[in-house]
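Novice: Have a look at this prediction, sequence included:
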Amino acid sequence: MIERRDGVRFRLRGESCAGYLAKMRRTAAWLAPITLLAMAACTGPLDQTSDTEGGSSSSSSATTDEPTGSDPSAPGTDTGADTGMSTGSGSASATGTTGDPTTGALTSATSTSDATTGSSSGDDSSSGGDSTTGEPSSLDCLYEPFVNKGALMLDYQQFDPIVGSHCKGTNHQDIIDIERVVFLGDSVTVGTPPTQGKDFYRSELADVLVDRFGLTPPNALWKEVNPFDGVALTKDSGDFSSCAEWGARTDDFIASNNQILDCFPEDLRDKRTLVVITMGGNDLASVAKDGANGVPLDEVTADAEAFIGLMREAVHWFIDDPEKFPNGVFVVFSNVYEFTDGTGDLMSCPAAGLGGFDKPWADVEALKQLVLWIDEQFMEIAVDTQTDMIFMLENFCGHGFKAGDPASPCYRGPATKTFFDATCIHPTPAGHELITELFTAVIDE
């Protein structure tokens, strides 16, 4: 259900029954509370202590090879925000760092944001250092929770980010005096059953931000999900808006579904605005499925490069024109998490087949490397635009379906809980609580 336009794939979003059914196929994970009840009786609840002897059940043995680096021609672990079945492909018009899918070379074009955007320009000599001293940081704090330190080989340092003292994300913005909060993205932001609305991270974070900035709180309906349309039950309430949608991908920001234009009418842009985003999981899920189904690596990598370009374009939309938000705008987004704990074992989730992950990658090391490169590029976007990124990948790694595997790069030790629910790709209530904690730390500092 896709067409090509100017070299980029877009989903057809018709109002017909066929179009609606196609959308439901993309977002089939919302059926989990119904279709997985029987499975739960066999597998037990997934938000529980992992099996320390062998981890979660798997029909595909996990590799224990350590990543050899981050190269855009060598893919990394699969992820999930939702179960998107196709991804944007081709070229994307965006500035910033891009990767050469054949050579792995990176080229960058940095930009300095105007102070009215809420982004700090700063002196390059202090970037990448401690948020208080400006001293270079090795980012070792990211890997402290892991028994196998150094096995998850992300190279964020190449972009010289400023990392918060909390080590939960970057610290490029001084986020103050917020008047409006807008949530964009996918089902991680919308929330999915069986987690209750009050436990969605956007609901929890909204409560925190009401207290921090004296905002008018959203009502109870805003904190619930409409399971037929995959959006918040009420889009706008109090000083909060949500334009996130189940199955959303990066082309939904502007090109396909206009999440951004829908949530940022001109008459509201004079409010000092905080934008909170989770996006990219469905794009990466699609890439992972394509690779498992035999799509050549160069095509898979090109698709990954395209959706990174669309993410970059979306963030630049907010900060490039200081007149667009005359009183300031701040953007905080997540990087892209995955459920295999850095192993690339797509079959590690008991319900992998229902989530569309029904085949392993022939070259699992290539899959592992792709996710590392994608998350590095998300960091480059944050540095380039002087916006902020939370470390969702690193904080969920070790809480996936290989949590009990001592050989996994993110092994945290015995009795570690899984933070993904039975759909394989959505957070449990504990997972949502963790995301709230990450966003709160970055916004507060």
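Specialist: The structure has been received and is ready for your questions.
Novice: dump the residue contacts of the residue nearest to residue 337 when sequence neighbours are not counted.
Specialist: Sequence neighbours aside, residue 396 is the residue nearest to residue 337 in space, at 4.3 Å (criterion: CB to CB, 6 or more residues apart in numbering). C-beta: built from backbone N, CA, C; applies to glycine. By CB atoms under 8 Å, 6 or more residues apart in numbering, residue 396 lies in contact with 337-339, 419-420, 427, 431, 434.
Novice: and which of the residues you listed is nearest residue 228?
Specialist: Using CB to CB, residue 427 is the member of the contacts of residue 396 that lies nearest residue 228, at 21.6 Å.
Novice: quick one: the closest one and residue 420, what's the gap?
Specialist: Separation of residue 427 from residue 420 (CB to CB, to the nearest Å) stands at 7 Å.
Novice: Also residue 272?
Specialist: Taking CB to CB, one finds residue 272 at 35 Å from residue 420.
Novice: Could you check which of these two is surrounded by more residues?
Specialist: The neighbour comparison of residue 272 against residue 420 (other CB atoms under 10 Å) goes to residue 420, with 24 against 19.
Novice: picking that back up, so what does the residue nearest to residue 337 look like in phi/psi?
Specialist: phi -90, psi -20 (degrees, to the nearest 10).
Novice: same question, residue 388
Specialist: Per degrees, to the nearest 10, the backbone of residue 388 is at phi -130, psi 150.
Novice: For it, list the residues it contacts.
Specialist: So residue 388 contacts 169-173, 330-333, 382, 442 (CB under 8 Å, 6+ apart).
Novice: can you do 6 Å?
Specialist: Shown in contact with residue 388 (CB atoms under 6 Å, 6 or more residues apart in numbering): 169-170, 172-173, 332, 382, 442.
Novice: Bridge partners for it, pull those for me.
Specialist: For residue 388, the beta-bridge partners are residue 332 (DSSP bridges).
Novice: Pull up the gap between it and residue 169, please.
Specialist: Residue 388 is 6 Å from residue 169, by CB to CB.
Novice: Residue 313 now?
Specialist: From residue 313 to residue 169 the distance is 21 Å (CB to CB).
Novice: for residue 336, same thing?
Specialist: Residue 336 is 14 Å from residue 169, by CB to CB.
Novice: and if you look at residue 214?
Specialist: Going from residue 214 to residue 169 by CB to CB gives 24 Å.
Novice: Comparing those two, which residue is more hemmed in?
Specialist: Set residue 214 next to residue 169 and count neighbours by other CB under 10 Å: residue 169 wins out with 27 against 11.
Novice: Could you pull out the strands in the chain for me?
Specialist: Ranges of strands within the chain are 2-5, 8-11, 98-99, 106-107, 180-185, 225-226, 231-232, 236-237, 240-242, 273-278, 329-334, 388-390, based on DSSP state E.
Novice: Can you add distance to residue 303 and give those back as CSV?
Specialist: Converted to CSV, the strands of the chain look like this (distance: least, CB to CB, whole Å):
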stretch, distance to residue 303
strand 2-5, 12
strand 8-11, 8
strand 98-99, 12
strand 106-107, 18
strand 180-185, 19
strand 225-226, 29
strand 231-232, 26
strand 236-237, 34
strand 240-242, 27
strand 273-278, 20
strand 329-334, 20
strand 388-390, 21
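Novice: Now render the ones you listed as a markdown table, adding mean pLDDT and distance to residue 317.
Specialist: Shown next, in a markdown table, are those (pLDDT from 0 to 100; distance: least, CB to CB, whole Å):
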| stretch | mean pLDDT | distance to residue 317 |
| --- | --- | --- |
| strand 2-5 | 30 | 20 |
| strand 8-11 | 33 | 16 |
| strand 98-99 | 38 | 18 |
| strand 106-107 | 30 | 21 |
| strand 180-185 | 98 | 11 |
| strand 225-226 | 97 | 26 |
| strand 231-232 | 98 | 21 |
| strand 236-237 | 98 | 20 |
| strand 240-242 | 98 | 16 |
| strand 273-278 | 98 | 10 |
| strand 329-334 | 98 | 10 |
| strand 388-390 | 98 | 16 |
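Novice: returning to that earlier point: for residue 235, state which of the contacts of residue 396 is nearest.
Specialist: Of these, the one sitting nearest to residue 235 (CB to CB) turns out to be residue 427, at 21.9 Å.
Novice: quick one: the closest one and residue 236, what's the gap?
Specialist: 24 Å.
Novice: okay, the two: which has more neighbours?
Specialist: Neighbour comparison, residue 427 and residue 236: the larger count goes to residue 427, with 30 against 16 (by other CB under 10 Å).
Novice: Give me the nearest residue to that one, chain neighbours excluded.
Specialist: residue 419 (5.9 Å).
Novice: Identify the contacts common to residue 388 and residue 169.
Specialist: residue 442.
Novice: separation between residue 392 and residue 280?
Specialist: For residue 392 relative to residue 280 (CB to CB), the value is 10 Å.
Novice: typo on my end, it should be residue 303
Specialist: Per CB to CB, residue 303 is found 12 Å from residue 280.
Novice: Mind checking which of those two has more residues around it?
Specialist: residue 280 (30 against 24).
Novice: those helices in the protein, which residues are they?
Specialist: 17-26, 32-35, 37-43, 187-190, 201-213, 259-263, 281-292, 297-319, 364-385, 392-396, 429-444 (DSSP state H).
Novice: Let me know which of the ones you listed is tucked in deepest.
Specialist: Compared across the helices of the chain, helix 187-190 shows the largest average neighbour count, a mean of 29 (mean count of other CB atoms under 10 Å).
Novice: burial measure for residue 145, as a count.
Specialist: By other CB under 10 Å, neighbour count at residue 145 equals 17.
Novice: what's the closest non-adjacent residue to it?
Specialist: residue 412 (5.5 Å).
Novice: before we move on, what about residue 258?
Specialist: residue 252 (7.8 Å).
Novice: looking at it, the one you found is touching residue 259, isn't it?
Specialist: Yes - with contact defined as CB atoms under 6 Å, residue 252 reaches residue 259; the gap is 5.3 Å.
Novice: rewinding a little: would you format the contacts of residue 388 as CSV with distance to residue 190 included?
Specialist: Below are those laid out as CSV (distance: CB to CB, whole Å):
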residue, distance to residue 190
169, 21
170, 24
172, 27
173, 25
332, 17
382, 23
442, 21
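Novice: from the residues you listed, which is closest to residue 268?
Specialist: Once CB to CB is applied, the member of those that ends up nearest residue 268 is residue 332, at 18.7 Å.
Novice: how much space between that closest one and residue 432?
Specialist: Distance, residue 332 to residue 432, by CB to CB: 16 Å.
Novice: Ok, residue 186 next?
Specialist: Residue 186 sits 14 Å away from residue 432, going by CB to CB.
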